[in-house]
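>>> predicted structure and sequence below. I'll ask about it afterward.
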Amino acid sequence: MFRTFIDILIRPGAFFSGMMGEKEESFKWPLVILLAGGIVAAGYGYLLGGATGQMMSGAVPGIGMIVTLFSVIGAFIGVFIFWLVWTAVVFVLSMAFKGDGSFKRTLQVIGYGYLPQVIGSVIALIVAIEYVPKIVVPTITSAMMQDPAAMQQVTMSLMRDPAMMELTQITTLITIVFLLWSANIWIFGLQHARKLSPRDAALCVGIPVIAYILYMIYSLGVS
Amino acid sequence: MKIKRIFTGIALLLLISMTVGVVSAYSLLNEDPVSGTYYTGRVFVSNTTFDPVVFFPGDKGTVTYVVTNGNANTSIKLTHGIFYDDDFQRISDNYDTSTTLGPLQTRPFSFTILADGPEGDYYPTFTMSLYDSNLNYKSLVQIDNTPLELTVVDQPDAYIQGKKKTINMQVANPRKNNVRNVILEVSGAGITATPSRTFVGDLAAGAKVPVNVSVTPDQETTLNLHLTYDNGNNPHEVSLNIPINFGVDKKQAEPVMSNIQVTATGTTYRVTGDVTNAGLETANAVMVTALPPAVPEDPYKTYVVQALKPDDFGSFEITFTTDGKATSVPVQVSFKDSDGNLYNTVQNVTVPDGRISASKDDGPPLVPIIAALVIVAIFVGGWYFYLRKKKQ
């Protein structure tokens, strides 16, 4: 298993060449990877959701716990939703290049390619454990609930907290690095899953990835 | 006939009246017209008054002897009223002329005198020549050099430039007589005293009165306390000097903040804590507020803790915003002492940087953006060259 993961990370071309010999798609390891990613993401969501819940706890009693809970669940489920959506995007793009291969195979490939992001999420979680306690969370009072401008100001205040901003910048960079690593795996995987040339596979994967990364950089700049 | 009787009666009454007048005129000669007895033995000094009652050495004053004729029917002829003593110099003249003192009448004889002698008890003599003898009279008068006592009952441990402090004093009269026009004057270089001149008035023997003076020194100096008073009509004075040195008042109130908690409510900081008076005097009108760069905001721009006795504490709560860059905010505790002087102490309270960041705008974070773009460029470039190489 360890060797399998090493092959995915370092030798994705060879890994997917071997995998394509299998007649049926196995979702065992993709699901393990995504489950691991979901758990790590849930931990990250717990930390940031706790801060957000703390911010809102002054407005409605008990809402802090609810916000935290939703953050954890949302982060966990979000990994699987991302998996499906991302697979769909890549699959549709590959159709433009006359890709030939099942959606399940593409889903399997994208699942394997999520492995670097699990590593990135672990690093991001460690960074968050270090930074989140430094965030001083403003409180939204019940009176502010009647004033959307005040609530927005408080939310912006949380987002512009120095610790929060540093955390955001670091995790964004980590996400970009490991997303590109995943993209590298997806390109090789998509060549085999959809029977595309390396160029076409690179375009199918690279266009949405680069677009997503540019959006993250833009968000970093305006936050 | 009847009219003649009336005139005879009137003539008789007039005759009787003339006879009594002759007898009365004869009695002025100090001698009973019937028995020939002299009545000077019933002439005496009924009262003696010294003003002042007790002299300082060198004091001028007056002595008044009241001579009384104790005879009910006999007038007395008086001559040569004389005052003399070795230690009291008589300044006014003696009474050289004769005078007559009617029955049961009194007459004062006053002399202006000067106390020449040292402290002690004296018995100056007053004599009066009568018809057949002399009246000699001695009375006690004292010369005492004990001045009024000006004492400082309480004063601050130390003075502070420009701060008003109260000095509690006491003026006491240890003498055996009253003194008048007691006035205390306070002066000194760079000193503002309130009141600078205090009129105490008369001070009875053995009495004492408190006098409080507030002084505001602008420099280290000597405070001059000058007490003047009149003993009779003689002015006297007592002086006292108090050094005014600047320093720290060991008993001064000392509010100390503790248990400080900073929370951010919306875009406003809320700082709560306790103020404890660690000094030995009461801190009045204790107020807590934030100083720049903080901007005090409602509802607690300033919190009035009110008065704090020694070891007492009170809670406070203040609210403020910052410019979003401050990492600590000076919080000021002000109080007034019993003289109304305002004191300030400042303690820095750490606040999270950027908490009120609605106004904070340092621009986009260039370093991470550039780093991200470089990473993307490396990835795209790598794949470009990989594909190009593979194509060849």
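Yep, it's here.
>>> of all of the stretch 51-200 of chain B, which residue lies closest to chain A?
Going by C-beta to the nearest C-beta, chain A is nearest to B:I160 of the stretch 51-200 of chain B, at 39.3 Å. For glycine as for every other residue, the C-beta is placed from the backbone atoms N, C-alpha and C.
>>> show me where chain A has its helices.
Here chain A has its helices, by DSSP state H, at A:2-10, A:12-19, A:28-56, A:63-96, A:103-113, A:115-131, A:148-159, A:162-193, A:198-222.
>>> counting neighbours, what do you get for B:K176?
When neighbours are counted by other C-beta atoms under 10 Å in any protein chain shown, B:K176 registers 12.
>>> again with A:G101
A:G101: 18 neighbours (other C-beta under 10 Å).
>>> swap in the one 10 residues further on?
When neighbours are defined as other C-beta under 10 Å, A:G111 has 24 of them.
>>> in contact with the closest residue to it other than its chain neighbours, which residues?
Counting by C-beta to C-beta, 6 or more residues apart in numbering or on different chains, A:G111 lies nearest to A:P30, which is 2.5 Å off, once chain neighbours are set aside. Contact analysis of A:P30 by C-beta atoms under 8 Å, 6 or more residues apart in numbering or on different chains lists A:107-108, A:110-112, A:114.
>>> close to chain B, is the helix or strand bottoming out on mean pLDDT in chain A?
Using mean pLDDT, DSSP states H and E, helix A:148-159 stands out as the lowest-scoring helix or strand of chain A, at a mean of 77. Yes. On the criterion C-beta under 8 Å from any C-beta of the partner chain, helix A:148-159 is in touch with chain B at A:150, A:153-154, A:156-157.
>>> out of those, who's the most crowded?
The residue in the residues of helix A:148-159 next to chain B with the most neighbours, by other C-beta under 10 Å, is A:V154 (27 neighbours).
>>> pretty sure it sits against A:M55.
Yes. The pair A:V154 / A:M55 is scored as a contact, 6.8 Å apart, by C-beta atoms under 8 Å.
>>> which residues do these two both contact?
By C-beta under 8 Å, 6+ apart, the residues touching both A:V154 and A:M55 are A:138-140.
>>> burial count for residue 79?
In the absence of a named chain, chain A is used. For A:V79, using other C-beta under 10 Å, the count is 22.
>>> that's the other chain; I wanted chain B
For B:T79, the number of neighbouring residues by other C-beta under 10 Å comes to 14.
>>> again with B:A290
Using other C-beta under 10 Å, B:A290 has 25 other residues around it.
>>> repeat that for the one 3 residues further on.
B:P293 is flanked by 15 other residues according to other C-beta under 10 Å.
>>> let me know the secondary structure of B:G206.
Three-state call for B:G206 (DSSP: H, G, I helix; E, B strand; the rest coil): coil.
>>> what does chain A put close to chain B?
Taking C-beta under 8 Å from any C-beta as the contact definition, chain A meets chain B at A:58, A:136-141, A:144, A:150, A:153-154, A:156-157, A:160-162, A:165, A:169-170, A:172-173, A:176-177, A:180, A:183-184, A:187, A:198-199, A:202, A:206, A:210, A:213-214, A:216-217, A:220-222.
>>> do that again at 7 Å, thanks
Within chain A, the residues that sit near chain B (C-beta under 7 Å from any C-beta of the partner chain) are A:136, A:138-141, A:144, A:150, A:153-154, A:156-157, A:160-162, A:169, A:172-173, A:176-177, A:180, A:198-199, A:202, A:210, A:213, A:217, A:220-221.
>>> contacts only, for the residue nearest the centre of chain A.
Residue closest to the average C-alpha location in chain A (C-alpha atoms, centre = their mean): A:V79, at 6.2 Å. Going by C-beta atoms under 7 Å, 6 or more residues apart in numbering or on different chains, A:V79 touches A:34, A:37-38, A:41.
>>> give me every residue that touches B:Q219.
B:189-190.
>>> kindly recompute the last result at 6 Å.
B:G190 (C-beta atoms under 6 Å, 6 or more residues apart in numbering or on different chains).
>>> doesn't it lie inside a strand?
No. Counting by three-state DSSP, B:Q219 is located in no strand; its state is coil.
>>> turn the shared contacts of A:V154 and A:M55 into JSON lines, columns for neighbour count and pLDDT.
Formatted as JSON lines, those follow (neighbours: other C-beta atoms under 10 Å in any protein chain shown; pLDDT from 0 to 100):
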{"residue": "A:P138", "neighbour count": "28", "pLDDT": "76"}
{"residue": "A:T139", "neighbour count": "18", "pLDDT": "75"}
{"residue": "A:I140", "neighbour count": "25", "pLDDT": "77"}
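>>> of these, which belong to strands?
Judged by DSSP state E, strands contain none of the shared contacts of A:V154 and A:M55.
>>> of those residues, closest to A:V89?
A:I140 (35.9 Å; C-beta to C-beta).
>>> okay, the closest one and A:Q152: tell me how far apart.
10 Å (C-beta to C-beta, to the nearest Å).
>>> thought A:F97 was touching A:A201?
No. If you go by C-beta atoms under 6 Å, A:F97 and A:A201 don't touch, sitting 8.1 Å apart.
>>> out of these two, which sits in the busier spot?
Applying other C-beta under 10 Å to A:F97 and A:A201 shows that A:A201 carries more neighbours, namely 26 against 17.
>>> was I right about that one contacting A:I185?
No. Judged on C-beta under 6 Å, A:A201 makes no contact with A:I185 at a distance of 11.1 Å.
>>> picking up where we left off before, could you flag which of the residues of chain A next to chain B are buried?
Buried members of the residues of chain A next to chain B, scored by 16 or more other C-beta atoms under 10 Å in any protein chain shown, are A:136, A:138-141, A:144, A:150, A:153-154, A:156-157, A:160-162, A:169, A:172-173, A:176-177, A:180, A:198-199, A:202, A:213, A:217, A:220.
>>> residues touching A:A75, list them.
A:41-42, A:45.
>>> nearest to chain B, of those?
Distances from chain B to the contacts of A:A75, taken by C-beta to the nearest C-beta, are shortest for A:A41, at 20.7 Å.
>>> what distance do you get for the nearest residue to that closest one once chain neighbours are set aside to B:N259?
Nearest non-adjacent residue to A:A41, counting by C-beta to C-beta, 6+ apart: A:A75, 4.1 Å away. Applying C-beta to C-beta, the value for A:A75 to B:N259 is 38 Å.
>>> do you know the pLDDT at A:P133?
Predicted confidence (pLDDT) for A:P133: 88.
>>> scratch that, B:T62 is what I was asking about
pLDDT at B:T62 comes out at 95.
>>> surely it and B:D51 touch.
Yes. Contact criterion C-beta under 6 Å: B:T62 and B:D51 qualify, at 4.9 Å.
>>> and stretch B:229-241, how far out from the chain's middle?
16 Å (C-alpha atoms, centre = their mean, to the nearest Å).
>>> A:G189: neighbour count?
29.
>>> what residues are up against A:Q54?
A:64, A:137.
>>> keeping just the C-alphas, turn the least confident helix or strand of chain A into PDB.
The C-alpha coordinates for helix A:148-159 follow below in PDB (Å, rounded to 0.1, in the frame of the first residue of the first chain):
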ATOM      1  CA  PRO A 148     -26.000  44.200   8.600                       C
ATOM      2  CA  ALA A 149     -23.200  46.800   8.100                       C
ATOM      3  CA  ALA A 150     -22.000  46.200  11.600                       C
ATOM      4  CA  MET A 151     -22.000  42.500  11.200                       C
ATOM      5  CA  GLN A 152     -20.100  42.800   8.000                       C
ATOM      6  CA  GLN A 153     -17.600  45.100   9.700                       C
ATOM      7  CA  VAL A 154     -17.100  42.500  12.500                       C
ATOM      8  CA  THR A 155     -16.700  39.700  10.000                       C
ATOM      9  CA  MET A 156     -14.200  41.700   8.100                       C
ATOM     10  CA  SER A 157     -12.500  42.400  11.300                       C
ATOM     11  CA  LEU A 158     -12.100  38.700  11.900                       C
ATOM     12  CA  MET A 159     -10.800  38.100   8.400                       C
END
